[in-house]
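**Q** Quick check, what structure comes out for this input:
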Amino acid sequence: MRLRLDPWGVEMELAYQAEEVPAQRSEVVLDVEHSRWQPLRPVPPTLPLQQLLFLDGSRRVEARVRLEQGISGSAFGALGSYGVGVVACCPQQNRPAEFVVLEVERLCVIGSSQTLPDLTVASSRAGQLGMLTYRAVAIAESEPEAVVRHLQFAMLEAESRLALRLSQQPEVLVICDGPRPRIGEAERVVGYLKTIHELRIGEPELAVVRQLEEGERSPLYLLKGVASEHDTFQCFLRLRDPHPWLYSLAGMVRLQFYAGRTPEQTLPRAALLADYLAALLPRFTSRAHQDPRAPQQLLPVRVLEQELGRRMGDLQLIRRRITDYLAQG
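**A** This is a model prediction of the structure:
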C-alpha cells in the first residue's frame, strides 16, 4: 500500500474521481480496435489539417435571488454569465495562436415558471463594464439548483452550436474541453476529458492504462448510449510521464471520437485521429508553475479561460452592482 499525491491544486477538483466499474458491462465494447489490450505508441499520421480549434466554455453564478410573490410564496432564481470561445492554433506551431470566437451571454433564470422582463444593470461610475443586460428566462423547475443547471445547460448548448458550425470548415479539427458534444456526424469534433469520473473498463485493461508512457494511448473502446447516433469511441492518453511519487494515472486524459450507428465504418477515422492527437497534444500541455491542473490543462484552453473571465468582468464588482440595482427596486 502506497500513498501518492494528486498533482492538481487543492482548490481544483481531483484529477482522478473514479467510480466503481459499472455492472452493466454490455454498454462498453473493449475489443473494437484490438482484441488484446496493450500500450500503443503510434507513428504520427500526416493529416491535411491547417488549424486546431480549442473550444471551451466558462460559466458562473453572480447572484442568487428570490422572486417574492407576497404571502403566496417565492421562486428561486440566479443571475449569471457564461462565455464560449475558441483559440486557433497551427498544428506545426509555426504561426501564432489567436482567438477566433469569444461570446458572452448574461441570464436571469427564474424557477416555478415565473416571468420577468430583462434586467439592465446600469453603472453609476465611469468605466465599469457599461450596461449589464441579463436576458430573463423562466423555467418550470422549482428547486434552487435548477436555475444553476439551466445556466450550465445554456453554456453547453452554446458550445455544441459553435462546435457544429466550426466543424463544417475545411481542414480544421475541433477539440472540445470536456465531453464531445452530441452533434451527430461531425467526425472532426473531439472530446477532451481532463478528469476521470468513472472507469468504464475492467481491471486487466486498467493495468494496461497504468503502464502508458508519454505519448502512448490505449486501444479505442466503444461506449454505447441510449441513442446509437451518440455512441463514442474513447481512449486513454498519457500526456506526460508522472513523477514516481504521483499516482499511476497522473497526466492521463481521455479522448472521445464520433462512432455513431455504424462504428465499424467510423473506426478507421477515429483511430487515425487518436494517433494524430497522441503525438500532438503533449506539445500543448501546461507545467505545474503555469496551472494547478497541469499537465491535463492545455495551454490554449488556459489562455481562453482567462480571456473569457476577463470579458465576463470582475465578479466582485458585478455583485456590488447587482446589489445596488436590487436595493433601488
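**Q** CA only for contacts and neighbour counts going forward, please
**A** OK.
**Q** Would you state the helices of the stretch 151-300 of the chain in chain order?
**A** Residue ranges of the helices in the stretch 151-300 of the chain, as given by DSSP state H, counting those that start in this stretch, are 203-210, 263-280, 299-312.
**Q** buried stuff in the first one?
**A** Buried positions in helix 203-210, judged by neighbour count with 16 or more other CA atoms under 10 Å: 205-206, 209-210.
**Q** same check, this time on stretch 304-322
**A** Buried-residue list, stretch 304-322, by 16+ other CA under 10 Å: 304-305, 307-309, 312, 318, 321-322.
**Q** roughly how far out does that stretch sit from the chain middle?
**A** The chain centre lies 20 Å from the centre of stretch 304-322; the measure is CA atoms, centre = their mean, to the nearest Å.
**Q** Then stretch 233-251?
**A** 19 Å.
**Q** for stretch 46-58, same thing?
**A** Worked out by CA atoms, centre = their mean, stretch 46-58 lies 14 Å from the chain centre.
**Q** So which residues make contact with it?
**A** By CA atoms under 8 Å, 6 or more residues apart in numbering, the residues outside stretch 46-58 that reach it are 82-91, 155-156, 159, 163, 171-178, 276, 300-301, 304-305, 308-309.
**Q** For residue 223, list the residues it contacts.
**A** 27-29, 231-234.
**Q** Now tabulate the helices of the stretch 151-300 of the chain in a markdown table and tack on distance to residue 36.
**A** Shown next, in a markdown table, are the helices of the stretch 151-300 of the chain (distance: least, CA to CA, whole Å):
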| stretch | distance to residue 36 |
| --- | --- |
| helix 203-210 | 9 |
| helix 263-280 | 16 |
| helix 299-312 | 34 |
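**Q** These: which one's closest to residue 286?
**A** helix 299-312 (5.4 Å; CA to CA).
**Q** what about that closest one, distance to the chain center?
**A** Its chain's average C-alpha position is 13 Å from that of helix 299-312, according to CA atoms, centre = their mean.
**Q** List every C-alpha atom in that helix, with coordinates, as CSV.
**A** This file holds the C-alpha atoms of helix 299-312, laid out as CSV (Å, rounded to 0.1, in the frame of the first residue of the first chain):
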residue,chain,number,x,y,z
LEU,A,299,-2.2,26.0,-22.6
PRO,A,300,-4.6,27.2,-25.3
VAL,A,301,-7.5,26.4,-23.0
ARG,A,302,-5.9,28.1,-20.1
VAL,A,303,-5.5,31.3,-22.0
LEU,A,304,-9.1,31.0,-23.3
GLU,A,305,-10.5,30.6,-19.8
GLN,A,306,-8.6,33.7,-18.7
GLU,A,307,-9.9,35.8,-21.6
LEU,A,308,-13.5,34.6,-21.1
GLY,A,309,-13.2,35.5,-17.4
ARG,A,310,-11.9,39.0,-18.3
ARG,A,311,-14.7,39.6,-20.7
MET,A,312,-17.4,38.5,-18.2
